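**Student:** task: produce atomic coordinates for the following.
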Amino acid sequence: MMKLTLRIALAPLMLITRLMLGLAAFVTSIASTVIGLATGVFALLGAIEFAIGYWQNGFAFMALALLVSPIGLPALANFLLNRMDHILGFFEGLLC
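**Tutor:** Below you'll find the predicted structure:
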């Protein structure tokens, strides 16, 4: 009886959390697509900076290109979203 009451009380919270997680995943996928274009720009600028002799700026642009590439910050965001999904699934499993 207590578990049923807890399940009914937490159902709206779990639904809102699931919807927010889905929205965050959607925004992350769109943002990583747009940011993927910036990767090419930063890599091109880094190569130009290396070619004209400003190697410090070239390293800075290459570091920015690495951060915004799919193996940088978007990968970290996807990892965090997956962890949150697993944690939410764990709590949903406790309530069922």
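**Student:** which residue is the nearest non-sequential neighbour of residue 65?
**Tutor:** residue 42 (3.7 Å; Cβ to Cβ, 6 or more residues apart in numbering). (C-beta placed from N, C-alpha, C; glycine too.)
**Student:** sticking with the one you found, tell me its helix or strand.
**Tutor:** Using DSSP states H and E, residue 42 maps to helix 2-52.
**Student:** and the next helix or strand past that helix?
**Tutor:** Next element after helix 2-52 (DSSP H and E): helix 55-68.
**Student:** what packs against that next one?
**Tutor:** When contacts are defined as 3 or more Cβ pairs under 8 Å, 6 or more residues apart in numbering; DSSP states H and E, helix 55-68 packs onto helix 2-52.
**Student:** tell me the secondary structure at the residue sitting nearest the centre point of the chain.
**Tutor:** By Cα atoms, centre = their mean, the chain has its centre lying nearest to residue 77, at 2.0 Å. Secondary structure for residue 77, judged by DSSP: H, G, I helix; E, B strand; the rest coil, is helix.
**Student:** what about the spatially closest residue to it that is not a sequence neighbour, distance to residue 79?
**Tutor:** Nearest residue to residue 77 in three dimensions, chain neighbours excluded: residue 28, at 4.9 Å (Cβ to Cβ, 6+ apart). As defined by Cβ to Cβ, to the nearest Å, residue 28 lies at a distance of 11 Å from residue 79.
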